[in-house]
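Colleague: Have a look at this prediction, sequence included:
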Amino acid sequence: MIRVKNIKKNYGDLQVLKGIDLSVNKKEIVTIVGASGAGKSTLLHIIGTLDRPDEGELWFDDLPLSSLSSNKLAAFRNNNIGFVFQFHHLLPEFTALENVCIPAWIKGCNKKAAEKKALELLELMGLKERIFHKPNELSGGEQQRVSVARALINNPQVILADEPSGNLDTQTKNDLHRLFFTLREELDQTFIIVTHDTELAEMSDRQIRLKDGKIENK
């Protein structure tokens, strides 16, 4: 579903990615691992079209994303890619329900349809009783599950997660990891996850290990 070919990225004189070739199939859970500074988050941001490579190509199915304009890329990203970050980035003035709805509203979905889908997702996340709570009224694990629901609202082809359990305690972290596999089975969801968590990496279908901007193994 996703193909990355000879991706290179520099920041000034620092070459962060040095020719990455990678493919990810539908319904795969792939983890990207490696030491800090290896280029993991940079690669994830390029796959997520949040950043452009200096060289190389990125394909989703048969669509070459490298050739799209910024506006078309933003529309593609909103429709096809969901993001979960270490810090949940929920908007504090909005309820859990409203936070989940935001990407659907940006897409142009009507209010009722967006809220119906958001309610279904929050119920799937075990948050049915928390939908009208604001982020500061939720635990860290609950906030992260709201961010997962938000990532799913537009039925994306892939969820990209950057250290999604990095700030969670052991039990909450394990619950979140199991949730990813449940979503894969129930929603046919694909995940690419940057992580330092060895347990999650070992649970995944495949580990991509980066070292000094290159893939050590596939």
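Modeller: The structure has been received and is ready for your questions.
Colleague: Return the backbone torsion pair for the residue nearest to the spatial centre of the chain.
Modeller: In the chain, the residue lying closest to the centroid (C-alpha atoms, centre = their mean) is residue 160, at 1.9 Å. Main-chain torsions, residue 160, degrees, to the nearest 10: phi -110, psi 120.
Colleague: I'd guessed it sits against residue 44; true?
Modeller: Yes. The criterion here is C-beta atoms under 8 Å, and residue 160 meets it with residue 44 at 5.5 Å. All C-beta spots, glycine's among them, are computed from the backbone N, C-alpha and C.
Colleague: can you list residues touching both of the two?
Modeller: Common contact partners of residue 160 and residue 44 (C-beta atoms under 8 Å, 6 or more residues apart in numbering): residue 192.
Colleague: Helices of this structure, start to end?
Modeller: 40-47, 70-80, 96-107, 111-124, 140-152, 170-187, 198-203 (DSSP state H).
Colleague: Can you lay out those helices as CSV showing distance to residue 88, mean pLDDT and mean neighbour count?
Modeller: Formatted as CSV, the helices of the chain follow (distance: least, C-beta to C-beta, whole Å; pLDDT from 0 to 100; neighbours: other C-beta atoms under 10 Å):
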stretch, distance to residue 88, mean pLDDT, mean neighbour count
helix 40-47, 16, 91, 22
helix 70-80, 18, 87, 14
helix 96-107, 9, 92, 20
helix 111-124, 14, 91, 17
helix 140-152, 4, 88, 23
helix 170-187, 11, 84, 15
helix 198-203, 17, 88, 15
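Colleague: Tabulate those in CSV, adding columns for distance to residue 131.
Modeller: Formatted as CSV, the helices of the chain follow (distance: least, C-beta to C-beta, whole Å):
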stretch, distance to residue 131
helix 40-47, 29
helix 70-80, 23
helix 96-107, 4
helix 111-124, 5
helix 140-152, 9
helix 170-187, 17
helix 198-203, 28
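Colleague: Contacts for stretch 40-52, please.
Modeller: Contact partners of stretch 40-52, identified using C-beta under 8 Å, 6+ apart, comprise 2, 4, 7, 9, 16-17, 20, 22, 32-34, 53, 58, 65-66, 73, 76-77, 81, 83, 160, 162, 192, 194, 210.
Colleague: Counting neighbours, which of these end up buried?
Modeller: With neighbours counted by 16 or more other C-beta atoms under 10 Å, the contacts of stretch 40-52 contain buried members at 2, 4, 7, 9, 16-17, 20, 22, 32-34, 53, 58, 65-66, 73, 76-77, 81, 83, 160, 162, 192, 194, 210.
Colleague: With residue 134 as the reference, name the closest of the helices of the chain.
Modeller: Nearest to residue 134, of all the helices of the chain, is helix 96-107, at 7.6 Å by C-beta to C-beta.
Colleague: Pull the closest one out as PDB, backbone CA atoms only.
Modeller: Below are the C-alpha coordinates for helix 96-107, written out as PDB (Å, rounded to 0.1, in the frame of the first residue of the first chain):
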ATOM      1  CA  ALA A  96     -13.500  14.600  23.900                       C
ATOM      2  CA  LEU A  97     -16.300  14.300  21.300                       C
ATOM      3  CA  GLU A  98     -15.500  17.700  19.800                       C
ATOM      4  CA  ASN A  99     -11.800  16.900  19.600                       C
ATOM      5  CA  VAL A 100     -12.500  13.600  17.700                       C
ATOM      6  CA  CYS A 101     -14.800  15.500  15.300                       C
ATOM      7  CA  ILE A 102     -12.400  18.200  14.300                       C
ATOM      8  CA  PRO A 103     -10.700  16.300  11.300                       C
ATOM      9  CA  ALA A 104     -14.200  15.400  10.000                       C
ATOM     10  CA  TRP A 105     -15.300  19.000  10.200                       C
ATOM     11  CA  ILE A 106     -12.200  20.100   8.400                       C
ATOM     12  CA  LYS A 107     -13.000  17.500   5.700                       C
END
